[in-house]
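Novice: quick one, fold the following:
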Amino acid sequence: MGRKKNGSFLLMVILCSTAGVILGGTSSWAESNQCMKADVLTQECLTKSPIVKTVEGMGVGLLAGIGAAIGATWQAKQGK
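Specialist: Next up is the predicted model:
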């Protein structure tokens, strides 16, 4: 039984982390594209590479996904 619970927790972490990386990277990439098309460019828009912004967004998405997986698993355990 213990292995199944650990396996499902690991699967939840992997799935939520993957979703977080995809969503975080996509939203950061879209934001950097909008930044470059704006009428007034900001200093951050001019100095920060879109690739760096995308990687930062992916990192934040990864952390958010891990947090979501831990929270969902904890909620599931509390409901039982």
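Novice: can you list contacts of stretch 31-44?
Specialist: Residues outside stretch 31-44 that contact it (C-beta atoms under 8 Å, 6 or more residues apart in numbering): 45, 48, 50, 53-54, 57. (Each C-beta comes from the backbone N, C-alpha and C, glycine too.)
Novice: Leu10: which of those residues is nearest?
Specialist: Gly57 (24.3 Å; C-beta to C-beta).
Novice: mark which of the contacts of stretch 31-44 are buried, thanks.
Specialist: If you count burial by 16 or more other C-beta atoms under 10 Å, the buried members of the contacts of stretch 31-44 come out as 45, 53-54, 57.
Novice: which helix runs longest in this structure?
Specialist: helix 2-37 (DSSP state H).
Novice: now that helix: buried residues?
Specialist: For helix 2-37, by 16+ other C-beta under 10 Å, it's 9, 12-13, 16-17, 19-21, 23-25, 28-29, 32, 35.
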